[in-house]
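Visitor: here is the input, now give the coordinates:
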Amino acid sequence: MSMIRIAGMVLVVLGMQIWTKGAFGFQDEWIGKSLSVVGVACMLLVPSLLRKRWRETDERAPDSR
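Guide: Okay, here's the model as predicted:
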């Protein structure tokens with residue numbers, strides 16, 4: 001989960017660099033904006049969706065005790 005959040009933060013930073021400065025040879029600001037949005041989704045939405053999915057899987061699994 002932490003790695004997903006860190007990757008999301010990296011995407012946001014890269015997206016902001018592309019958006020504001022045209023870094024890495026990308027001149028289109030839409031690329032930077034979309035990369036930032038994907039990074040924010042990675043940081044906020046994906047961990048909660050995974051947590052919910054893992055809980056559902058645990059509830060469906062038979063007890064092995």
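Visitor: so the residue most central in space within the chain is in which element?
Guide: With distances taken as Cα atoms, centre = their mean, residue 42 lies nearest the centre of the chain, 1.4 Å away. Counting by DSSP states H and E, the element that carries residue 42 is helix 29-60.
Visitor: report the buried residues of that helix.
Guide: 31-32, 35-36, 39, 42-43 (16 or more other Cβ atoms under 10 Å). Where C-beta positions appear, they are placed from N, C-alpha and C, glycine not excepted.
Visitor: which of those residues sits closest to residue 5?
Guide: Ranked by distance to residue 5 (Cβ to Cβ), the buried residues of helix 29-60 are led by residue 43 at 5.1 Å.
Visitor: so the closest one touches residue 8, yeah?
Guide: Yes - Residue 43 is within contact range of residue 8, at 3.4 Å (criterion: Cβ atoms under 8 Å).
Visitor: where does the chain dip in pLDDT?
Guide: 58, 61-65 (pLDDT under 70).
Visitor: show me what the helix holding residue 42 is packed against.
Guide: With contacts taken as 3 or more Cβ pairs under 8 Å, 6 or more residues apart in numbering; DSSP states H and E, helix 29-60 sits against helix 2-21.
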